[in-house]
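Asker: Output the structure for:
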Amino acid sequence: MTPRSPRTLVLLGACALLTTQAHASRTALPSADSATRPNIVMVLVDDLGWQDVSHPMWSEATPFNRRYHTPNVERLARDGVTFTNAYAAAPVCTPTRTSFMTGKSPARTRITYWTLHKDKDTSRQRPDIAAPAWRMNGLNAADVTLPKLLRTVGYTTIHVGKAHFGAHDTSGADPRNLGFDVNIAGHASGGPASYYGEHAFSSAGKTGKKDAQTVWDIPGLGAYHGKDVFLTEALTTETLKAIRSAHAAERPFFLNFCPYAVHAPIMANEKLLERYGDIDPREASYATMIESVDIALGAILDELESLGIAEETLVVFTSDNGGLSAHARGGEKHTHNAPLRSGKGSAYEGGTRVATVVRWPGRTEPNTRNATPVITADFFTTLLGAAQVRIPDQHRATLDGLDLAAVIDAPDRALEDRVLGWHQPHQWGASGPGIEPFTSIRHGDWKLIYFHAKRNFELYDLATDIGETTDRSAEDPARTRELAGRMQTWIEANGAQLSVDKETGSAIPGPANVWKD
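Answerer: Alright, predicted model coming up:
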């Protein structure tokens, strides 16, 4: 019997790939109509900056675009649309990843920071304000998630690589508890101990200390231990096996492909180093990590073509937050996303603006650009719409993600009244511009940031000042007041928890109660 070739939807972003574990107790599911329901591949790259690809995400190529070698991202863009105002849901990973899984903003889910250990707050402590009682264990088995909903119409659901959906020793630590039938090396930690097979992708292997087992050790890749293989390469091999197996089962499949790269530790794929001999050695190592992800993307696209399903494939390439720049990189700190300001962990554009490309044959016009502001939660709704999955009414009532099909069909469609919001009432571990507890919104081309510690505002016109160099709040108090009101409405609608003033023990006042002109 010849396997059918279901239409395929591929989403590409910044995650990581790991080994396969079959779900042991899947119940019988209704068969899906392969003529109308696509396969789905989500690639969510980790910490990939806005310019960490050779395909420009702006109106012009930058020196960073010219530094990196990502021909497969370029290949994807030639066949699809580049979103030039695309954002991660948060400036750090877990909130963005859980936003994709639920279609809700981190403010609404109250998963507003990265998770690790059960019941432990990972926020860096400050003397003046503290994080609220956020959902520090992340997602759990009771949550409504994208893979669970896809399973209701017959999808096989596969997770590969970085998960980081829930804390260790909770149900959310295992992707299979969140709706995935197969888990390839995903667990509760957000980065690898090592990228080298010779190290067994472990702390013990990296340090040479046999008792150095840590939560950062990558599970499930024992077949590659002791071998000269880069983590992204091992994940790619396992991913291609999973694609073939899922396709042979004659069911549509959802593949959540999330390489740990390019998350720290920055370690070179030495097979690729020669290309980058003229730049800072640490930056050269970083460039090889990016190229390794691009090679993985190319292998997935090639496999879809080999199986005869590429022309029925929707592809979205994106990242879980802005590029790392506060530490671990070579060169000057806080400049690796220029002309964007700052980077991962920051309220500024460098912390949240990300590279995003969508390929949807029959829907997207090849080699086009779309300036509509979009955000991670939109892909939850878009993918379920493409798969013709009914979202439960109670969940739909609190969705933040929009179905981007209409925007893809009509690139000039205006979403002027939409407010995009970000909310991180936590101090990230590093220091730098905009790296402090904040709430921000974008409405049209204008962005307002409310920094919680000093209760101060900054206003930027992104149309003319993408680098956020000129704060307009003092010279345009009327607009600042208007946007502070919109921010207050957004906070209340999402149930966002503001930082706690340590002196009073109460939440800080909302923006509408602070701005005075």
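Asker: Same question for stretch 435-448: list its buried residues.
Answerer: Within stretch 435-448, the residues scored as buried using 16 or more other C-beta atoms under 10 Å are 435-448. Heads up, the C-betas are built off the backbone N, CA and C, glycines and all.
Asker: CSV for those residues, including pLDDT and secondary structure?
Answerer: CSV is the format used below for the buried residues of stretch 435-448 (pLDDT from 0 to 100; DSSP: H, G, I helix; E, B strand; the rest coil):
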residue, pLDDT, secondary structure
Ile435, 98, coil
Glu436, 98, coil
Pro437, 98, coil
Phe438, 98, strand
Thr439, 98, strand
Ser440, 98, strand
Ile441, 98, strand
Arg442, 98, strand
His443, 96, strand
Gly444, 93, coil
Asp445, 94, coil
Trp446, 97, strand
Lys447, 98, strand
Leu448, 98, strand
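Asker: Enumerate every residue touching the nearest residue to Gly429 once chain neighbours are set aside.
Answerer: Once flanking residues are discounted, Gly429 sits nearest to Arg124: 5.2 Å by C-beta to C-beta, 6 or more residues apart in numbering. By C-beta atoms under 8 Å, 6 or more residues apart in numbering, Arg124 lies in contact with His426, Gln427, Trp428, Gly429.
Asker: And Arg124, what's its pLDDT?
Answerer: pLDDT, Arg124: 97.
Asker: now do Cys15
Answerer: Cys15 is assigned 39 on the pLDDT scale.
Asker: what do you get for Asp119?
Answerer: For Asp119, pLDDT reads 98.
Asker: could you measure the most centrally placed residue in the chain against His263, distance?
Answerer: With distances taken as C-alpha atoms, centre = their mean, the residue of the chain nearest its centroid is Asp320 (2.0 Å). Relative to His263, Asp320 is positioned 9 Å away (C-beta to C-beta, to the nearest Å).
Asker: Report the set of residues contacting both of those two.
Answerer: Shared contacts of Asp320 and His263, counting by C-beta under 8 Å, 6+ apart, come down to Asp46, Asp47, Cys93.
Asker: got a winner among the residues you listed for most neighbours?
Answerer: Sorting those by how many neighbours each has (other C-beta atoms under 10 Å) puts Asp46 first, at 30 neighbours.
Asker: before we move on, the earlier item: can you tell me which of the contacts of Arg124 are buried?
Answerer: Neighbour-count burial (16+ other C-beta under 10 Å) applied to those gives His426, Gln427, Trp428.
Asker: Let's have these in JSON lines, adding secondary structure and pLDDT.
Answerer: Shown next, in JSON lines, are those (DSSP: H, G, I helix; E, B strand; the rest coil; pLDDT from 0 to 100):
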{"residue": "His426", "secondary structure": "coil", "pLDDT": "98"}
{"residue": "Gln427", "secondary structure": "coil", "pLDDT": "98"}
{"residue": "Trp428", "secondary structure": "coil", "pLDDT": "98"}
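Asker: from those residues, which is closest to Ser325?
Answerer: Nearest to Ser325 among the buried ones among the contacts of Arg124: Trp428, at 12.0 Å, using C-beta to C-beta.
Asker: how close does Pro127 sit to Asn72?
Answerer: For Pro127, the distance to Asn72 - C-beta to C-beta - is 47 Å.
Asker: coming back round to it: closest one to Leu383 out of the buried residues of stretch 435-448, please.
Answerer: Each of these was scored against Leu383 by C-beta to C-beta, and Arg442 proved nearest at 23.1 Å.
Asker: Show me where the stretch 301-450 of the chain has its strands.
Answerer: Counting by DSSP state E, counting those that start in this stretch, the stretch 301-450 of the chain has strands at residues 315-319, 357-359, 368-370, 374-375, 419-424, 438-443, 446-451.
Asker: so what does the top helix by length along the chain touch, helix or strand wise?
Answerer: Secondary structure of the chain per DSSP state H: the longest helix is helix 281-306. Contact analysis of helix 281-306 by 3 or more C-beta pairs under 8 Å, 6 or more residues apart in numbering; DSSP states H and E lists strand 8-11, strand 39-45, helix 71-78, helix 231-248 as its packing neighbours.
Asker: Average pLDDT for the shortest one, rounded please.
Answerer: Across strand 8-11, the average pLDDT comes to 50.
Asker: Likewise for the longest one?
Answerer: Across helix 231-248, pLDDT averages out at 96.
Asker: Quick one: work out the angle between that helix and helix 281-306.
Answerer: On the basis of axes from the mean of the first three to the mean of the last three C-alpha atoms, to 10 degrees, helix 231-248 is oriented at 10 degrees to helix 281-306.
Asker: residues of helix 231-248 that come out buried?
Answerer: 231-240, 242-243, 246-247.
Asker: cool, stretch 510-517 as well?
Answerer: Within stretch 510-517, the residues that count as buried by 16+ other C-beta under 10 Å are Gly510, Pro511, Ala512, Trp515.
Asker: in the stretch 101-250 of the chain, which spans are strands?
Answerer: Along the stretch 101-250 of the chain, counting by DSSP E, counting those that start in this stretch, strands occupy 129-130, 156-161, 182-184.
Asker: And these: which comes nearest Gly495?
Answerer: Nearest to Gly495, of these and by C-beta to C-beta, is strand 129-130 at 18.6 Å.
Asker: Mean pLDDT per helix and strand in the chain: which one sits at the bottom?
Answerer: Lowest on mean pLDDT, DSSP states H and E among the helices and strands of the chain sits strand 20-22, with a mean of 38.
Asker: quick revisit: neighbour-wise, which of Pro127 and Asn72 wins?
Answerer: Taking other C-beta under 10 Å, Pro127 and Asn72 do not tie; Asn72 has more neighbours (24 against 7).
Asker: Quick check: closest non-adjacent residue to that one.
Answerer: Excluding the flanking residues, the one nearest Asn72 by C-beta to C-beta, 6+ apart is Gly298, at 3.7 Å.
Asker: What of Leu402?
Answerer: Per C-beta to C-beta, 6+ apart, closest to Leu402 is Asp378, 5.1 Å.
Asker: OK, contacts around that neighbour?
Answerer: The contact partners of Asp378, taken as C-beta under 8 Å, 6+ apart, are Gly401, Leu402, Asp403, Leu404.
Asker: can I get those residues in a markdown table with neighbour count and pLDDT?
Answerer: As requested, the contacts of Asp378 are arranged in a markdown table below (neighbours: other C-beta atoms under 10 Å; pLDDT from 0 to 100):
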| residue | neighbour count | pLDDT |
| --- | --- | --- |
| Gly401 | 24 | 96 |
| Leu402 | 21 | 93 |
| Asp403 | 17 | 92 |
| Leu404 | 24 | 91 |
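Asker: Do a quick rundown of the helices in the chain.
Answerer: Going by DSSP H, the chain shows helices at 63-67, 71-78, 93-102, 106-109, 146-151, 203-207, 231-248, 281-306, 349-352, 377-386, 393-396, 405-409, 477-494.
Asker: Any idea which of the ones you listed has the lowest pLDDT on average?
Answerer: Among the helices of the chain, helix 405-409 scores lowest, at a mean of 85.
Asker: Brilliant, that's me finished.
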